[in-house]
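Novice: sequence plus predicted model, see below.
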Amino acid sequence: MRQRWSANLAALILGGLVLAGCASHDNARQEPVALPETDFEVRQALRFSPEDWPEALLADLYLPEGPGPAPAVLLVHGGGWERRSREDMTWIAEELAGRGFAVMNIDYRFAPAYTFPAQLQDLQVAMRWLRVHAADYRIDPDAISAFGFSSGAHLVSLLALTSEPGHPLSEPHGGPGTRPIAVVAGGIPSDLRRFDSGRLIRQFLGGTEQEKPETYRLASPIAHVSSDAPPFFLFHGNLDMLVPPDQAEDFHKALLENGVHSEFYLMHLRGHITSFLTAGNAVEQATEFLARYGRRPGQRITGTGH
């Protein structure tokens, strides 16, 4: 049977629905998307990192019922690049899987033990693993999107924007095979050069901006926006003091200026943590976005109707 998130987290999310009307959605598509509910199974603690990887990395794989192949989503948690785990994203994984998406919910290496671009490389090998094993799990290898929050949003955005051949961040583990076809990014720090070399940034990048200006540029998703970027759905709290909303606003503007489809869902009366804990309505909107842009043209998402 279809699994649900924990009762405590559900209460927080349902409580946040009181604020569901306190949001604005820029550049949204209005036509409805049919997403029937479906049951799913979970394969827990699958190792996706190579045997010679510096650290064994695990993922939970959510597989919707049906013949497939299903569109998929790579799901990446937040935590300032230094903590938390994939368990934080369980409720989002369940929501997406219950709407017909296969979901790979991953862990990645942490700073300061591992500095950038180690975390991006973890996502790159996760994407390659998902493509290699797509047939084994009834997944469409050409319809894989990415969804992250906070530092996870930063990483999935970099993954999408730096995959072209010859890009310094695409070697040796990236490349076109690691590029998601659509991205959902919540609470994104899009320009790390604007955080005054704070502690989390310093330990993630291995120094201050004065010491490593090119590293700060390379690690900033906004520095890599081009007309080749996939569609983006951004959500952010307007009272976010940890990652100011102009980080998302400016990123959204840069995407639009390059002719990229970008939607910006601004959540009013929410800070950084509350914009995640009460993100139920944003996740619903993001799921509709993925139904439009996270599958091949004409591909249907089927469900059991439960």
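Specialist: That came through fine.
Novice: wait, what's in contact with the closest residue to residue 22 other than its chain neighbours?
Specialist: Residue nearest to residue 22 in three dimensions, not counting chain neighbours: residue 268, with 4.0 Å by CB to CB, 6 or more residues apart in numbering. Placement of C-beta: from N, CA and C, glycine included. If you count contacts by CB atoms under 8 Å, 6 or more residues apart in numbering, residue 268 has them with 19, 22, 23, 24, 238, 239.
Novice: which members of those are the farthest-apart pair?
Specialist: Greatest spatial distance among the contacts of residue 268 (CB to CB): 24 and 239, at 13.9 Å.
Novice: gap between residue 26 and residue 281?
Specialist: 15 Å (CB to CB, to the nearest Å).
Novice: of those two, who's got more company?
Specialist: residue 281 (20 against 13; other CB atoms under 10 Å).
Novice: SS state for that one?
Specialist: helix (DSSP: H, G, I helix; E, B strand; the rest coil).
Novice: so it touches residue 24, yeah?
Specialist: No - between residue 281 and residue 24 there is no contact under CB atoms under 8 Å: 12.0 Å.
Novice: how distant is stretch 164-177 from the center of its chain?
Specialist: How far stretch 164-177 lies from its chain's middle: 19 Å, per CA atoms, centre = their mean, to the nearest Å.
Novice: would you put the C-alpha positions of that stretch in PDB?
Specialist: Taking Å, rounded to 0.1, in the frame of the first residue of the first chain, the C-alpha atoms of stretch 164-177 are listed here in PDB:
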ATOM      1  CA  GLU A 164      27.900  20.300 -21.300                       C
ATOM      2  CA  PRO A 165      31.100  18.700 -22.600                       C
ATOM      3  CA  GLY A 166      34.200  20.700 -21.800                       C
ATOM      4  CA  HIS A 167      32.700  22.500 -18.800                       C
ATOM      5  CA  PRO A 168      35.200  22.400 -15.900                       C
ATOM      6  CA  LEU A 169      32.600  20.900 -13.600                       C
ATOM      7  CA  SER A 170      31.500  18.200 -15.900                       C
ATOM      8  CA  GLU A 171      34.800  16.300 -15.700                       C
ATOM      9  CA  PRO A 172      35.500  13.600 -14.900                       C
ATOM     10  CA  HIS A 173      32.000  12.300 -13.700                       C
ATOM     11  CA  GLY A 174      29.500  14.600 -15.400                       C
ATOM     12  CA  GLY A 175      28.600  15.200 -19.000                       C
ATOM     13  CA  PRO A 176      25.300  15.200 -21.000                       C
ATOM     14  CA  GLY A 177      24.200  11.900 -19.300                       C
END
